[in-house]
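In: pasting the structure only:
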């Protein structure tokens, strides 16, 4: 499976998880650094959610699907506005 397929798989797993309320606000993308033959790849998940548990579940899905590719979790947890 290539890196783009892994990204699609992760996004699908996060979107399909009914326990992640903020799934629509989570972005998944890959990043390549360096020059060939020393290129490195990683998967990044970012966005804003209202619960720490959503952040943790999204990272679990990403790590399971990414295999040996490192996952960087940049998701921010922000309390919802109270009126």
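Out: Thanks, I have the structure now. Note that the coordinates shown come from a computational prediction; the quantities given were computed from them, not determined experimentally.

In: Am I right that residue 75 falls within a strand?
Out: Yes - Residue 75: assigned to a strand according to DSSP: H, G, I helix; E, B strand; the rest coil.

In: Residue numbering should commence at 531 henceforth.
Out: Yep, numbering from 531; the last one is residue 605 now.

In: Give the closest residue to it in space, chain neighbours not counted.
Out: Ranked by Cβ to Cβ, 6 or more residues apart in numbering and with sequence neighbours excluded, the top spatial neighbour of residue 605 is residue 585, at 4.5 Å. Every residue, glycine included, has its C-beta placed from N, CA and C.

In: Show me what the strand ranked longest in the chain is packed up against.
Out: For the chain, the strand that runs over the most residues, judged by DSSP state E, is strand 570-579. Secondary-structure packing of strand 570-579 (3 or more Cβ pairs under 8 Å, 6 or more residues apart in numbering; DSSP states H and E): helix 533-546, strand 556-563, helix 582-596, strand 601-607.

In: ranking those by burial, who's on top?
Out: Neighbour counts (mean count of other Cβ atoms under 10 Å) averaged over each of the helices and strands packed on strand 570-579 peak at helix 582-596, with a mean of 19.

In: any idea how far that helix is from the chain center?
Out: In terms of Cα atoms, centre = their mean, to the nearest Å, the centre of helix 582-596 is set 7 Å apart from its chain centre.

In: So which residue is dead centre in this protein?
Out: residue 575 (2.9 Å; Cα atoms, centre = their mean).
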